[in-house]
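A.B. asks: what's the 3D shape of this:
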Amino acid sequence: MPKSTRITPLSTGPLDTFYTYMLAVFGNLNSQHKIGMHLSRVENLEAQESGVVWLSRAALKGHPISCLELALHYINNCSDTDQAIEMLRLANTDTTDTNLSSQIHALLGQLLLGKYTDVIDHRKFEKQTQLKKKGQDALDEYIQSLMPKKAKPKKVISLNISEKQLNAYLDEALSNLYQAQKLKHPMANHALAVYLIQYSKKEKANTSKGLDLLHSSASEGFAPSCQVLAGIYENGLYGVTQNVRRGLELRVTAAKQGSKEAQYTLGYLLYNGQGFEENKDMGLELIKESASKGNQEAAVFLDTIKHTQ
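C.D. replies: This next block holds a predicted model:
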């Protein structure tokens, strides 16, 4: 038997080990998933690696929950979004479990849209850099003219992705997000809203649609939408009338939902008495909570005040 499929660690759990194992060996996808998840929770690297093998067996046959679990594994433990995308693409979403289907479509759409927007953002950065170069003084321009001419980059290549591939990412992303939207997944409205507001070419009409989606998602208490909408209200962006108080209300909602970004922002405002009556104790508590969840800004703030007191 291959080393990666040993089942010794299963004896530590509540599974009917032999029966479950035999079903898995003979191709039962639910049993393969069950063993994979059990092993992945054992505090032993070899067992965890074996768990990934079992989950992969089920995922390669389109077992949806195994595909989702593996995708999350690749995202959280390996920072490998490409492999996560491949796992989600394998998932059979033709299931009666609409909640599971919505999660798969939403995550796949979000990851693919991220690949698209990363390229667009990179292109914008390159364009801004080129514009800055045009503003150099005469001496700099003269020095530049003495340098060897660089070959012009290919028109459609940015981050080694062709225009065709870039559009394919976008089409697949939107298809999955619209499917997740039909299944009432909150992330779908949020991701579509951000795309329509910041990246869509039909700016006015789609900005309005995007804002409607943000309001809808925020009204249901979805923290990321509350955060984005708060920034829009506080700064009066995209044609929205500036309303700082409404922005603060949205940040409170996001903080209550556990958003580490909102907790830090709200804590900072309370600590410094900006928009609220100063309350350093409550502000510090929120900032500590945010830092405990991995927010680097919150951690830096705590370190700063520690050395200034």
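A.B. asks: For the rest of this, base every contact and every neighbour count on C-alpha atoms.
C.D. replies: Will do.
A.B. asks: Give the next helix or strand downstream of the one helix or strand in the chain whose mean pLDDT sits lowest.
C.D. replies: Every helix and strand in the chain was compared by mean pLDDT, DSSP states H and E; the lowest is helix 138-146, with a mean of 47. With elements assigned by DSSP states H and E, the helix or strand that comes after helix 138-146 is helix 163-182.
A.B. asks: Go through that next one and flag the buried ones.
C.D. replies: 166, 169-171, 173-181 (16 or more other C-alpha atoms under 10 Å).
A.B. asks: Just the CA atoms of it, as PDB, please.
C.D. replies: Output in PDB follows, covering the C-alpha atoms of helix 163-182 (Å, rounded to 0.1, in the frame of the first residue of the first chain):
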ATOM      1  CA  GLU A 163      -5.700  39.800 -24.400                       C
ATOM      2  CA  LYS A 164      -7.600  36.700 -25.400                       C
ATOM      3  CA  GLN A 165      -6.800  35.000 -22.100                       C
ATOM      4  CA  LEU A 166      -7.600  38.100 -20.100                       C
ATOM      5  CA  ASN A 167     -11.100  38.300 -21.700                       C
ATOM      6  CA  ALA A 168     -11.500  34.600 -21.100                       C
ATOM      7  CA  TYR A 169     -10.800  35.100 -17.300                       C
ATOM      8  CA  LEU A 170     -13.400  37.900 -17.200                       C
ATOM      9  CA  ASP A 171     -16.100  36.000 -19.100                       C
ATOM     10  CA  GLU A 172     -15.700  32.900 -16.900                       C
ATOM     11  CA  ALA A 173     -15.500  35.100 -13.700                       C
ATOM     12  CA  LEU A 174     -18.800  36.900 -14.600                       C
ATOM     13  CA  SER A 175     -20.500  33.700 -15.600                       C
ATOM     14  CA  ASN A 176     -19.700  32.200 -12.200                       C
ATOM     15  CA  LEU A 177     -20.600  35.300 -10.200                       C
ATOM     16  CA  TYR A 178     -24.000  35.700 -12.000                       C
ATOM     17  CA  GLN A 179     -24.700  32.000 -11.200                       C
ATOM     18  CA  ALA A 180     -23.800  32.600  -7.500                       C
ATOM     19  CA  GLN A 181     -25.900  35.700  -7.500                       C
ATOM     20  CA  LYS A 182     -28.900  33.600  -8.600                       C
END
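A.B. asks: rewinding a little: dump the buried residues of helix 163-182 into JSON lines; add pLDDT as well.
C.D. replies: JSON lines is the format used below for the buried residues of helix 163-182 (pLDDT from 0 to 100):
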{"residue": "166", "pLDDT": "90"}
{"residue": "169", "pLDDT": "93"}
{"residue": "170", "pLDDT": "94"}
{"residue": "171", "pLDDT": "95"}
{"residue": "173", "pLDDT": "96"}
{"residue": "174", "pLDDT": "96"}
{"residue": "175", "pLDDT": "96"}
{"residue": "176", "pLDDT": "96"}
{"residue": "177", "pLDDT": "96"}
{"residue": "178", "pLDDT": "95"}
{"residue": "179", "pLDDT": "95"}
{"residue": "180", "pLDDT": "95"}
{"residue": "181", "pLDDT": "94"}
